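A.B. asks: Structure, please.
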Amino acid sequence: MPDEAADLQRLVLDLEVHQRELAAQNEALRDTQEMLLEARQRYETLYQLSPVGYLTLTRYGVVEEANTTALVLLDRRPHLLLGRPLLPKVRRQDRQVFHMHLHAALGSDRSVRTEVSFLTPDRGSVRVQLLSRSAADRPGRIYTALIDLTEANEAHSEQQALLRTTHDSVLLVDGEGRVTSANDKAQHLFGWSDSLVGRRLTDLIQLPTGERDGFGMRADGSRVPLQISSFMLPEREHSIVTLQDLTDREKLQRQLIEVVENHRRQLGRDLHDGISQQLAGLSMLVDTLAEQLGSSSHASSARRIRKVIQETLQQSRELARNQYPEVLERRGLPAALRELARGAEELYGIPCEAHIEAVHVEEGMAIHLYRIAQETVGNAMRHAHPKKVMLSWSWRDQEGALEIIDDGGGFDPEQPGAGMGLRILQQRAAMIGSRLRIEPRPEGGTRVTCRCPLAVQTAAPAGGGAR
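C.D. replies: Model prediction:
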């Protein structure tokens, strides 16, 4: 009997423990149910107040569920939408697209997307994007999101109107660098018979790093000079690229450079053949006069006058060479570059090494290469404070390569006059189909390179040799 009483007492205790455990589990279950209810209520609120419309459709397109946004978009009267086929509300021209969309959604485990127009009692025809997928938890059902495209289409229409009315060529480019829209001026600029939409911007435009001026690649393979600017549309992750044709401007610049070059050539010849010759003759006359005066005080004055005349004559000849280097006509570009290096070294007192190969080009090209070298060497000597400048001209990979290197303080594009001088250098290079590149050197200083992908002559011009 005592054993039975002890067993009964233990059983009672076990039951009490089990009862307490059940009570705790029941309380936890009630808490979980309350949390689930709150979550469902929050979900229901979010579902109803979402700015995107949501529908649950059967495989036949019957509306089973719709949130508030979908009702406002399609029909504010729920009894005319819920439990009814959605197809009659689709514009007749889009009904086949709608059928195909439902079929694609049921047959795929991914979301499918399309656009259709709905006929609504409040707003008439409304363009809507459908994003649908099969309901994994409810076989034979389709979850569909509806996105009203009205505002997006209005913004697109405004952009298209802007594209049509602007004076420049304009491209709309997406985040992947592909053209999504182009106005008629851009289409005409590039000369493509088919649309520019879908083409990569890099296939249409060549733009040097850090520059605004570049080239457009036309359908016939030719290049058109362009001024390029762009700005982002953050809300659409697109960029608007505007293109200004610089053909007329560059033509005017070329004409201006040619006029200036002809004027410099004439001025150089006038100085050489006129003033310099007169000064040389005057020097000889004064020299003769000094000999006739013998050792008198007047002879000393005559010799001083002759010295001043000789200095003026040297300056006149130097000025004539700067205006137009006669050696360029007589002996070609290599000789002119060597003389340029010698003259710069004498003028500035800074070593100027010349590594010049006997590669000759026609005179029209030679004068522009000479001017590029002259301006670059002069800029380095005057502004970079180098210890040494190197000038080279060679033939590499079927190209003529002009290179000027200095070990000075580097090129400052912000210094007064630098922008205009740089543009003139670039224009001269463009006039002869060359590529001009200006870059800092890791060890200090600047490297300027001009490459000319043109046929060259290895013989000196008639009337002189490369000495």
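
A.B. asks: From now on I want contacts and neighbour counts done on CA atoms only, so please keep to that.
C.D. replies: Will do.

A.B. asks: Which parts of the stretch 101-250 of the chain are helices?
C.D. replies: Counting by DSSP state H, counting those that start in this stretch, the stretch 101-250 of the chain forms helices over residues 150-165, 184-190, 201-204, 247-270, given from the N-terminal end onward.

A.B. asks: Give me the buried positions along the third one.
C.D. replies: The neighbour-count check on helix 201-204 (16 or more other CA atoms under 10 Å) flags Leu201, Leu204 as buried.

A.B. asks: Excluding its own residues, what touches that helix? List them.
C.D. replies: Counting contacts by CA atoms under 8 Å, 6 or more residues apart in numbering, the residues outside helix 201-204 that touch it are Val173, Gly177, Arg178, Val179, Phe190, Gly216, Met217, Arg218.

A.B. asks: Could you check stretch 389-407 and say which residues are buried?
C.D. replies: With burial defined by 16+ other CA under 10 Å, the residues of stretch 389-407 counted as buried are 389-395, 399-407.

A.B. asks: on that earlier part again, pick out whichever of the contacts of helix 201-204 sits closest to Ile367.
C.D. replies: The shortest distance between Ile367 and any of the contacts of helix 201-204, using CA to CA, involves Gly216 and amounts to 27.4 Å.

A.B. asks: so what's the closest residue to that closest one other than its chain neighbours up against?
C.D. replies: Here the nearest residue to Gly216 in space, its sequence neighbours aside, is Ile205; by CA to CA, 6 or more residues apart in numbering that works out to 4.6 Å. Ile205 makes contact with Gly214, Phe215, Gly216, Met217, according to CA under 8 Å, 6+ apart.

A.B. asks: Tell me what the last one is bridged to.
C.D. replies: So the one you mean is Met217. According to DSSP bridges, the residues that bridge with Met217 are Arg223.

A.B. asks: For it, give me its contacts.
C.D. replies: If you count contacts by CA under 8 Å, 6+ apart, Met217 has them with Phe190, Asp203, Leu204, Ile205, Gln206, Arg223, Val224.

A.B. asks: at 7 Å instead, please
C.D. replies: If you count contacts by CA atoms under 7 Å, 6 or more residues apart in numbering, Met217 has them with Phe190, Leu204, Ile205, Arg223, Val224.

A.B. asks: Let's see the pLDDT reported for the second one.
C.D. replies: This points to Leu204. Per-residue confidence at Leu204 stands at 90 (pLDDT).

A.B. asks: How many residues are close by Leu149?
C.D. replies: 15 (other CA atoms under 10 Å).

A.B. asks: Torsion angles phi and psi at it?
C.D. replies: Per-residue torsions, Leu149: phi -100, psi 10 (degrees, to the nearest 10).

A.B. asks: which residues does it contact?
C.D. replies: When contacts are taken as CA under 7 Å, 6+ apart, Leu149 is in contact with Arg127, Val128, Gln129.

A.B. asks: Apply 6 Å and report the result again.
C.D. replies: Counting by CA atoms under 6 Å, 6 or more residues apart in numbering, Leu149 makes contact with Arg127, Val128.

A.B. asks: which residue ranges form the helices in the stretch 301-450 of the chain?
C.D. replies: When assigned using DSSP H, counting those that start in this stretch, the helices of the stretch 301-450 of the chain occupy the ranges 326-331, 333-348, 363-379, 418-431.

A.B. asks: and Arg441, which of these is closest to it?
C.D. replies: Across these, closest to Arg441 is helix 363-379 (CA to CA), at 15.4 Å.

A.B. asks: Okay, buried residues for that closest one please.
C.D. replies: Of the residues in helix 363-379, those buried under the neighbour-count criterion (16+ other CA under 10 Å) are Met365, Ala366, Ile367, His368, Leu369, Tyr370, Arg371, Ile372, Ala373, Gln374, Thr376, Val377.
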